[in-house]
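1. Model the following, please.
(one chain, ligands or ions: 2)
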Amino acid sequence: MSEFKQVADIPGFAGKDIALRGWIHRTRGSKGIRFLVLRDSSGVVQCVVKEGAKGFEDAVKALMESSVELKGVVREDKRAPTGFEVDVTELKVVGFAENFPIRKDQSPELLLDQRHLWVRSRKLTDVFKIRSEVFGAIHEFFRERGFFEIQSPSLTKSACEGGSTLFEVKYFKEKAFLTQSWQLYAEALIAGLEKIYCIAPSFRAEKSRTRRHLAEYWHAEAEVAWIGQEGTLKLQEELISFVVKKVLEKRGGELKALGRDVKILEKVKPPFQRITYKEAVDMLRKDGMDFKEGQDFGIDEEKVLTNHFDKPFFVTDFPKKIKAFYMKESPDNPTTVLCDDCYAPEGYGEIIGGSVREESIDKLLENIKKEGADPKGYEWYLDTRKFGSVPHAGFGLGVERLVMWICGLDHIRDTIAFPRVMNRLYP
Ligand code: 4AD
Ligand code: MG
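-> Ligands and ions are numbered 1, 2, ... in the order given. So this is what the prediction gives:
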């Protein structure tokens with residue numbers, strides 16, 4: 001067959017011959033005629049196969065999701081959803097499909113069991129295209145600003161974000177953990193590279209089933225020497241704004257197909273509003289929530305806070321005792337730390353966690369002991385403070401959390417091809 005085009009190329013072929021290939025998205029017909037909706041990675045188009053066309057018998061036999069190659073003539077048709085149809089002159093079935101196990105309105109559990117087939121759905125394909133744009137934009141953002149991309153190991157000996165969500169694995173004769181964050185290694189690497197970033201999987205043995213937790217998620221992290229809280233907040237708001245802008249520019253069609261209201265995304269520009277933990281607590285109380293100051297926010301609190309904002313915002317200066325050991329104690333208040341969470345609006349909540357890093361070895365040691373961890377595992381990390389320590393800060397963005405909000409999805413699992421959540425490791 002001649003050179004294959006894509007469904008997206010069709011508008012340039014009105015009245016002309018075209019060769020396409022893809023999958024039968026839907027099929028129906030009556031005597032002597034078959035209507036096949038052909039799907040490729042760029043879209044769908046209705047193709048009409050009439051008796052007499054080469055391959056008509058196979059077109060009748062082919063069930064949905066069969067793969068086909070076809071030749072035909074593009075016809076403009078105002079009534080067609082895409083404005084065009086293809087009158088097929090020749091069709092070849094490349095792979096006949098069995099009875100496809102997924103039909104309309106199936107339960108989420110069945111769709112997860114059949115994930116390897118469901119990943120070809122229009123919905124997931126649209127989300128994955130946006131996800132791809134998000135990854136590309138993150139790389140572009142950091143590289144444009146002179147950051148180096150550098151990786152750290154996934155197998156580690158020490159916890160970064162507390163022991164309760166660590167996955168334990170056998171590592172020859174030792175016990176190892178799957179990484180929760182590259183951060184501790186990143187703090188060592190800035191002494192050579194100064195501005196670094198990485199997008200890699202992080203692992204959290206989250207024992208609760210929620211709409212926004214994965215056991216394996218993609219973590220976009222940055223670490224920068226010589227910056228403080230102001231510098232890291234600016235970087236975060238610029239990053240989020242840049243990514244959202246890129247998605248709006250390049251994936252408007254997919255956002256629309258997902259039913260996303262883009263008006264809220266169009267507002268995403270720096271600066272983002274900043275409130276302290278204390279101010280957030282006051283807001284919650286005013287909203288009638290019975291919240292005990294000093295605790296961490298859960299999704300219920302975050303949701304209520306997001307009602308006050310129409311774009312992403314920061315909550316800063318959390319109580320020291322609920323935050324990670326590496327966060328820098330506030331110089332003017334030893335009970336809080338110089339940290340920030342960036343929340344997405346519309347009820348989505350935390351998408352970034354970041355902080356200025358503690359430089360004092362004594363304070364770090366004290367914090368590590370308070371967490372009940374063995375300081376021995378952190379000796380190498382403490383060395384970073386012994387050999388030319390500099391002020392530095394960094395953050396981690398949950399890429400699926402960002403994609404979930406950008407797409408307006410109600411569950412994080414649909415932002416990733418093969419989600420890893422509690423009770424699910426297959427397929
Ligand atoms: O707030 P977290 O735990 O911060 C850190 O790991 C820091 N060490 C990052 C850094 O400073 N380099 O995680 C960062 C982000 C969260 O804001 C959230 O978006 C995402 O990672 N995240 C998850 N996403 C999906 N599923 C989970 N189980 C997640 N846990 C955290
Ligand atoms: Mg966090």
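
2. could you say what helices and strands the host helix or strand of residue 343 packs with?
-> If you go by DSSP states H and E, residue 343 is part of strand 339-344. Under the contact criterion of 3 or more C-beta pairs under 8 Å, 6 or more residues apart in numbering; DSSP states H and E, strand 339-344 touches helix 229-250, helix 299-306, strand 313-316, strand 349-356, strand 392-398, helix 399-407. Heads up, the C-betas are built off the backbone N, CA and C, glycines and all.

3. Packing partners of the first one?
-> Helix 229-250 makes packing contacts with helix 122-144, strand 216-225, helix 263-266, strand 313-316, strand 339-344, strand 349-356, strand 392-398, helix 399-407 when contacts are defined by 3+ C-beta pairs under 8 Å, 6+ apart.

4. okay, now the residue lying closest to residue 183 once chain neighbours are set aside: neighbour count?
-> Spatial nearest neighbour of residue 183, chain neighbours left out: residue 160 (5.4 Å); criterion: C-beta to C-beta, 6 or more residues apart in numbering. Per other C-beta atoms under 10 Å, the neighbour tally for residue 160 reads 21.

5. Find me the pLDDT at residue 160, would you?
-> The per-residue pLDDT reported for residue 160 equals 89.

6. does it sit in a helix or strand, and which one?
-> Short version, using DSSP H and E: residue 160 is in no helix or strand.

7. so how far is residue 24 from it?
-> Distance, residue 160 to residue 24, by C-beta to C-beta, to the nearest Å: 48 Å.

8. what do you get for residue 423?
-> According to C-beta to C-beta, residue 423 stands 34 Å off from residue 24.

9. ok so, going back, taking helix 299-306 as reference, get the angle to the strand holding residue 343.
-> Orientation of strand 339-344 against helix 299-306 (axes from the mean of the first three to the mean of the last three C-alpha atoms, to 10 degrees) gives an angle of 70 degrees.

10. Which residues does strand 339-344 contact?
-> With C-beta atoms under 8 Å, 6 or more residues apart in numbering as the test, strand 339-344 has contacts from 229, 232-233, 236-237, 240, 272, 274, 297, 302, 305-306, 309, 312-318, 323, 327, 349-356, 395, 397, 401-402, 405.

11. Of the residues you listed, which are in range of ligand 1?
-> Counting by C-beta under 6 Å from any ligand atom, 350-355, 395, 401 from the contacts of strand 339-344 sit close to ligand 1.

12. Which SSE is immediately downstream of the longest strand along the chain?
-> Criterion DSSP state E: the longest strand present in the chain is strand 17-30. Reading on from strand 17-30 to the C-terminus, the next helix or strand found by DSSP H and E is strand 33-40.

13. In terms of secondary structure, what does that next one contact?
-> strand 17-30, strand 43-54, helix 56-61, strand 67-76.

14. for the record, mean pLDDT for the last one?
-> If I follow you right, that is strand 67-76. Average pLDDT, strand 67-76: 98.

15. How about the following helix or strand past it, which residues are buried there?
-> Sequence-wise, the next helix or strand downstream of strand 67-76 (DSSP H and E) is strand 84-95. Neighbour counts over strand 84-95 (16 or more other C-beta atoms under 10 Å) mark 84-86, 88-89, 91, 93 as buried.

16. Which single one of these is nearest to residue 193?
-> Closest to residue 193 out of the buried residues of strand 84-95 is residue 84 (51.1 Å), distances taken as C-beta to C-beta.

17. beta partners of the closest one?
-> With DSSP bridges applied, the residues forming beta bridges to residue 84 are residue 76.

18. Against residue 23, how distant is it?
-> According to C-beta to C-beta, residue 84 stands 18 Å off from residue 23.

19. Tell me the buried residues in stretch 311-324?
-> Residues of stretch 311-324 classed as buried by neighbour count (16+ other C-beta under 10 Å): 311-320, 323-324.

20. Output those residues as a markdown table; include the columns pLDDT.
-> Shown next, in a markdown table, are those (pLDDT from 0 to 100):
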| residue | pLDDT |
| --- | --- |
| 311 | 97 |
| 312 | 98 |
| 313 | 98 |
| 314 | 99 |
| 315 | 98 |
| 316 | 98 |
| 317 | 98 |
| 318 | 98 |
| 319 | 98 |
| 320 | 98 |
| 323 | 97 |
| 324 | 97 |
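
21. Would you agree residue 359 is in contact with residue 385?
-> Yes - between residue 359 and residue 385 a contact is recorded at 5.8 Å, counting by C-beta atoms under 8 Å.

22. of the two, who's got more company?
-> Taking other C-beta under 10 Å, residue 359 and residue 385 do not tie; residue 385 has more neighbours (18 against 14).

23. Now do the contacts for the residue nearest to that one when sequence neighbours are not counted.
-> Nearest residue to residue 385, sequence neighbours excluded (C-beta to C-beta, 6+ apart): residue 361, at 5.0 Å. Taking C-beta under 8 Å, 6+ apart as the criterion, residue 361 is in contact with 382, 385-386.

24. Out of those residues, which are close to ligand 1?
-> Applying C-beta under 6 Å from any ligand atom to those, one finds that nothing falls near ligand 1.

25. Now render those residues as JSON lines, adding pLDDT.
-> Shown next, in JSON lines, are the contacts of residue 361 (pLDDT from 0 to 100):
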{"residue": "382", "pLDDT": "97"}
{"residue": "385", "pLDDT": "98"}
{"residue": "386", "pLDDT": "98"}
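
26. pLDDT below threshold where in the protein?
-> Across the chain, the ranges flagged by pLDDT under 70 are 1-2.

27. wait, what's in contact with the residue of it most remote from its centre?
-> No residue in the chain sits farther from the centre than residue 52, which is 48.1 Å out by C-alpha atoms, centre = their mean. Shown in contact with residue 52 (C-beta under 8 Å, 6+ apart): no residues.

28. Could you do the one 4 residues further on as well?
-> Counting by C-beta under 8 Å, 6+ apart, residue 56 touches 34, 49-50, 91.

29. Which one (most neighbours) among those?
-> The most crowded member of the contacts of residue 56, judged by other C-beta under 10 Å, is residue 49 (30 neighbours).

30. Quick check: that one touching residue 59?
-> Yes - counting by C-beta under 8 Å, residue 49 does reach residue 59; the two are 4.3 Å apart.

31. what residues are shared contacts of those two?
-> By C-beta under 8 Å, 6+ apart, residue 49 and residue 59 have these common neighbours: 34, 36, 88, 91.

32. how about JSON lines for these, with distance to ligand 1 added?
-> Formatted as JSON lines, those follow (distance: C-beta to the nearest ligand atom, whole Å):
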{"residue": "34", "distance to ligand 1": "45"}
{"residue": "36", "distance to ligand 1": "39"}
{"residue": "88", "distance to ligand 1": "45"}
{"residue": "91", "distance to ligand 1": "44"}
